[in-house]
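K.L.:
Below are the sequence and a predicted model; questions follow.
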Amino acid sequence: MKLFKCTVCNYMVEAESIDEACLKCGAAPSAFRELTEEEAEKVYNSERTNDLLMELDKLCMKLVDIAYEGVDINLDPACKKLFTYTNDKAWEIKQLVKAEIENHIGKGKW
């Protein structure tokens, strides 16, 4: 199987050849280009990492929810400080994850 990428919308297709319009944007088959072996390898190798990054993003949001609840309960200053710290770090990690995903997209590893 070969990996093709639509030059209009970046939709990717595994096939021996492209005979139909792009499923995403409707571009003609001629709009697809075959990825080089190196480009295809980057895409395949990055699939699991991208899934893990998206899962990390979801976990950060769970941490934020927990931290908000802990801050609201406000049992004592030490607890509130820990929950506030957790909230801040979760948002930092979330931003790092988004930046890494954007880097992957820019390098064709998506």
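P.N.:
On my side now, so go ahead.

K.L.:
could you list every residue that touches H104?
P.N.:
Counting by C-beta atoms under 8 Å, 6 or more residues apart in numbering, H104 makes contact with S46, T49, N50, L53, W110. In this view, the C-beta of every residue, glycine as well, is placed from N, C-alpha and C.

K.L.:
hmm, try it at 7 Å
P.N.:
By C-beta atoms under 7 Å, 6 or more residues apart in numbering, the residues touching H104 are S46, N50, W110.

K.L.:
just G108 next, same as before
P.N.:
E39, K42, V43.

K.L.:
How about the secondary structure of the last one?
P.N.:
Secondary structure for V43, judged by DSSP: H, G, I helix; E, B strand; the rest coil, is helix.

K.L.:
Please give the number of neighbouring residues around it.
P.N.:
Neighbourhood size, V43 [other C-beta atoms under 10 Å]: 18.
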